[in-house]
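# Pasting a predicted model and its sequence here:
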Amino acid sequence: MELKIKEALFEQCEVFVNKRLYNIENVISSNQKALQSETKSSAGDKHETGRAMLQLEMEKAGQQLAGITQMKVVLSKIDILKTSKNACLGSVIITAKVSYFLSISAGQLVVADKSYFAISVSSPMGKLLLGKQEKEVISFNGKTIEIIGIV
């Protein structure tokens, strides 16, 4: 059962990344078409402003694409069959209130009517959880959190 949860969480993270990749690729493609169709008009300043705005959009999309590529790299490093007593990349950490999946920052995921938060190991909570074991207590935002289990 624990493996099925991990597998489902991992698949949801992959879907999250693939959706973002699809959206960014569409933005880039549409911006490239818009850049190519921009023609020099008599209103030269307007033309240049339009091109500059498209260039900025392309740069922003490029940065988002780099972030998505990084997420794909992180996901490729996760072995869902691996179990460890210490929280590591790919671990599901269960606490009294919230359960976490150490992977990428994908937000809330639901598996078998239970919520999990997919968080990056470089996030503040991810850094705190990394390397911890069952029964350890961490402090986050003034609250103490006991780790009940690690899958």
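Looks like it came in fine. Numbers count the residues shown, from 1 in each chain.
# buried stuff in whichever strand or helix holds V15?
Assessed by DSSP states H and E, V15 sits inside helix 2-37. Of all the residues in helix 2-37, those buried under the rule 16 or more other CB atoms under 10 Å are 5-6, 8-10, 12-14, 16-17, 20-21, 24, 27-28, 31. The C-beta positions use only the backbone N, C-alpha and C, and glycine is treated the same way.
# What about K60, how many residues nearby?
Neighbours of K60 under the rule other CB atoms under 10 Å: 13.
# Also L89?
There are 18 residues near L89, going by other CB under 10 Å.
# ok, so what distance separates it from V110?
21 Å (CB to CB, to the nearest Å).
# tell me the contacts of V121?
By CB atoms under 8 Å, 6 or more residues apart in numbering, V121 lies in contact with 89, 102, 127, 130.
# L75 too?
Neighbours of L75 in contact, by CB under 8 Å, 6+ apart: 10, 13-14, 17, 103-104.
# Distance to S120 and pLDDT added to these, as JSON lines?
Formatted as JSON lines, those follow (distance: CB to CB, whole Å; pLDDT from 0 to 100):
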{"residue": "F10", "distance to S120": "14", "pLDDT": "97"}
{"residue": "C13", "distance to S120": "11", "pLDDT": "97"}
{"residue": "E14", "distance to S120": "15", "pLDDT": "97"}
{"residue": "V17", "distance to S120": "12", "pLDDT": "97"}
{"residue": "S103", "distance to S120": "7", "pLDDT": "97"}
{"residue": "I104", "distance to S120": "6", "pLDDT": "97"}
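# Quickly find the element holding the residue nearest to the spatial centre of the chain.
For the chain, the residue nearest the mean C-alpha position is S105 (3.2 Å; CA atoms, centre = their mean). Element membership for S105, per DSSP H and E: none, as it lies in no helix or strand.
# Surely it touches P124?
No: the criterion here is CB atoms under 8 Å, and S105 misses it with P124 at 11.2 Å.
# Run through the protein and note the low-pLDDT ranges.
Applying pLDDT under 70 to the chain flags residues 38-47.
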